[in-house]
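In: quick one, fold the following:
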Amino acid sequence: MDNPHFSTEHRKGQHLTAEERHDIEVHLKDEWSKYKIAKHLNRPYNTVKNEIKRGTVSLYHGKVFRYKADAGQQQYLENRRSSARKYRYLETSEFLSFVAKQFREQGWSLDACVGNALLTGQFSRKEIVCTKTLYNYVDLGILSIRNIAFPKNCVGIQKHARCGNTAGI
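Out: Numbering: from 1, shown residues only. Next up is the predicted model:
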């Protein structure tokens, strides 16, 4: 017997879909318990309980409270918009200009720019972003350096020996 709602995979960290929200709304109208809905959706009880709390709206001048899937979906999207980490581009713009200049004129690597800035104290720690963030900025096009300007990475077992990295062999 097939059950489309059963899965052996662990779904921790997965977000509710719009269809699941509509299922919750329909089953609440059919007077199902939160626990029964959670079992039906193969979701933790707290996930369903929190979703119902998040998507409940007041009707008739606050006299009646009902769960609405569209309100829950809208609240979810709003929360997701504000959950992303913000870029520190504006706070670190002087440092980013320094990096671009040193990369172009001196041929420094991004890591060397970060190390030099920390070593010399030219920039405070709050004005510097880490090397990984610099590479992410290059990938996103935020930094005025293009990926093509970087030397090719050493990839493959044969190339490891040429780069001096024999640890992975």
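In: now Arg66. Nearest residue, chain neighbours left out?
Out: Nearest residue to Arg66 in three dimensions, chain neighbours excluded: Leu59, at 6.0 Å (CB to CB, 6 or more residues apart in numbering). (C-beta placed from N, C-alpha, C; glycine too.)
In: now do Tyr137
Out: With CB to CB, 6+ apart, the residue lying closest to Tyr137 is Leu143, at 4.2 Å.
In: residues near Gln73, how many?
Out: Neighbour count for Gln73, taken as other CB atoms under 10 Å: 18.
In: make sure it is actually in contact with Ile24.
Out: No: with contact defined as CB atoms under 8 Å, Gln73 does not count as touching Ile24 (10.8 Å).
In: now the common contact residues for those two.
Out: Both Gln73 and Ile24 are in contact with Gly55, where contact means CB atoms under 8 Å, 6 or more residues apart in numbering.
In: could you chop this protein up by domain?
Out: 18-83, 93-163 (automatic domain parsing).
In: how about the strands in this structure?
Out: 56-59, 64-67 (DSSP state E).
In: Ile128: which of the ones you listed is closest?
Out: Closest approach to Ile128 among the strands of the chain is made by strand 56-59 (45.2 Å; CB to CB).
In: just checking: what are the partner strands of the closest one?
Out: Note on strand 56-59: by DSSP bridges, its sheet partners are strand 64-67 (antiparallel).
In: if you count neighbours, what's buried in the partner strand?
Out: Tyr67 (16 or more other CB atoms under 10 Å).
In: same question, stretch 117-133
Out: Ala117, Phe123, Glu127, Ile128, Val129, Thr131, Thr133.
In: any idea how far Lys132 is from the closest residue to the fifth one other than its chain neighbours?
Out: Same thing as Val129. In this structure, Val129 finds its nearest non-sequential neighbour in Thr92, 5.3 Å apart by CB to CB, 6+ apart. The gap separating Thr92 from Lys132 is 14 Å, by CB to CB, to the nearest Å.
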